[in-house]
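Peer 1: could you look at this predicted model? Sequence included:
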Amino acid sequence: MKTKSNNVFLKVKLSLVALAMFGFGYAIVPLYKAFCDATGINVLALGDRFIESSGDSKPLNTQVDTSRTVTVEFDANSRGPWYFKPEHNSLRVHPGEMTTIVYEFQNRQGRSITAQAVPSYAPEQAGPNFQKVECFCFTEHTLGPGEKKSFPVVFVVAPALSRDVKTITLSYTFFEVGGKTPAAPLVSGMTLVSAKDGT
C-alpha cells in the first residue's frame, strides 16, 4: 500500500516538473528578449527597437560610422590597348558602409586579350582598411576584339581606419597576362598589393 502511494506521489511530482519545464520553455523567448532590451546585450534586439521607434522597415546597420566621411579616389592605368576607366573619379563614403563602383573596359585590339588588374592604395595605411567584397582584380579576364565589359568593385572602408585619413586613392593597373608585369604607378606613398591575395 505504501509503495502504491509512493508511486502516485512520484507521478504527481514528475508531472509537475514536466509542466514547469514546458512553461519555462514557452516563456524563455519573451524573457530573453526583455532581458536583452533592458541590458543592451543583444544588438539585434536593440536594432529592432530603433526600427520600431523610427518607423523604418529596413534593418539599421549599426557598424556604419555616420559621424565621418572618407573620400575614395579611383585611378585607372592600363598597359596596352585598353580603354579602362571608373564610372566616377571619386566617391564620399562612411566607414563601414558597403559601396559599389563600376569600371568600364574595352579591348581596342583586333585580337582577344587576357588581362588582369593589380590594385594599390594611398596612403599606405589605407590598404589593410580597404576591404573588397567583390573585385575584377581577383581573376583574369579575356575580352574579344573590340569587346566592352563593365565590372563592379564592392568595397567597405573599415571603421578602424585612422580618423586622420580623409582621402584614399585606389589605383588599378590593368595589364596583359603573359606579358611583362608593369611597375606600380608612380604615386607617392602607394603600396602594391598582389591581386592573388584578394586585397
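Peer 2: That came in fine, so what should we check first? Residues are numbered from 1 along each chain as shown.

Peer 1: residue 96 and residue 64, how far apart?
Peer 2: To residue 64, residue 96 is 4 Å away according to Cβ to Cβ, to the nearest Å. Yep, even glycine has a C-beta here, placed from its N, CA and C like the rest.

Peer 1: any common contacting residues for the two?
Peer 2: residue 159 (Cβ atoms under 8 Å, 6 or more residues apart in numbering).

Peer 1: spell out the residue ranges of the strands in this protein.
Peer 2: 70-79, 82-86, 90-93, 98-107, 113-122, 130-134, 141-143, 148-157, 167-176, 191-192 (DSSP state E).

Peer 1: nearest to residue 16, of these?
Peer 2: Between residue 16 and the strands of the chain, the tightest spacing by Cβ to Cβ is seen for strand 98-107, at 53.0 Å.

Peer 1: other SSEs contacting that closest one?
Peer 2: strand 70-79, strand 82-86, strand 90-93, strand 141-143, strand 148-157 (3 or more Cβ pairs under 8 Å, 6 or more residues apart in numbering; DSSP states H and E).

Peer 1: again, only using 7 Å
Peer 2: Packing partners of strand 98-107 (3 or more Cβ pairs under 7 Å, 6 or more residues apart in numbering; DSSP states H and E): strand 82-86, strand 90-93, strand 148-157.

Peer 1: select, out of those, the one closest to residue 175.
Peer 2: Using Cβ to Cβ, the nearest of the helices and strands packed on strand 98-107 to residue 175 is strand 82-86, at 8.8 Å.

Peer 1: is residue 173 in a bridge, and if so with what?
Peer 2: Beta bridges link residue 173 to residue 77, residue 118 when assigned by DSSP bridges.

Peer 1: would you confirm that residue 121 contacts residue 128?
Peer 2: No. The pair residue 121 / residue 128 is not scored as a contact, 9.0 Å apart, by Cβ atoms under 7 Å.

Peer 1: export the helices and strands packed on strand 98-107 as a markdown table, with columns for mean pLDDT and distance to residue 136.
Peer 2: Formatted as a markdown table, the helices and strands packed on strand 98-107 follow (pLDDT from 0 to 100; distance: least, Cβ to Cβ, whole Å):
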| stretch | mean pLDDT | distance to residue 136 |
| --- | --- | --- |
| strand 82-86 | 88 | 10 |
| strand 90-93 | 94 | 17 |
| strand 148-157 | 92 | 4 |
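
Peer 1: picking up where we left off before, the more surrounded of residue 121 and residue 128?
Peer 2: Neighbour tally, residue 121 and residue 128, criterion other Cβ atoms under 10 Å: the higher count belongs to residue 121, 22 against 14.

Peer 1: mind checking how far that one is from residue 11?
Peer 2: 72 Å.

Peer 1: which parts of this structure belong to which domain?
Peer 2: According to automatic domain parsing, the chain comprises the domains 2-54, 70-179+187-197.

Peer 1: worst average pLDDT in those?
Peer 2: Of all the domains of the chain, mean pLDDT reaches its minimum on domain 2-54 (a mean of 64).

Peer 1: from the opening residue of stretch 149-163 to its closing one, how far?
Peer 2: For stretch 149-163, the first-to-last residue distance is 36 Å (Cα to Cα, to the nearest Å).
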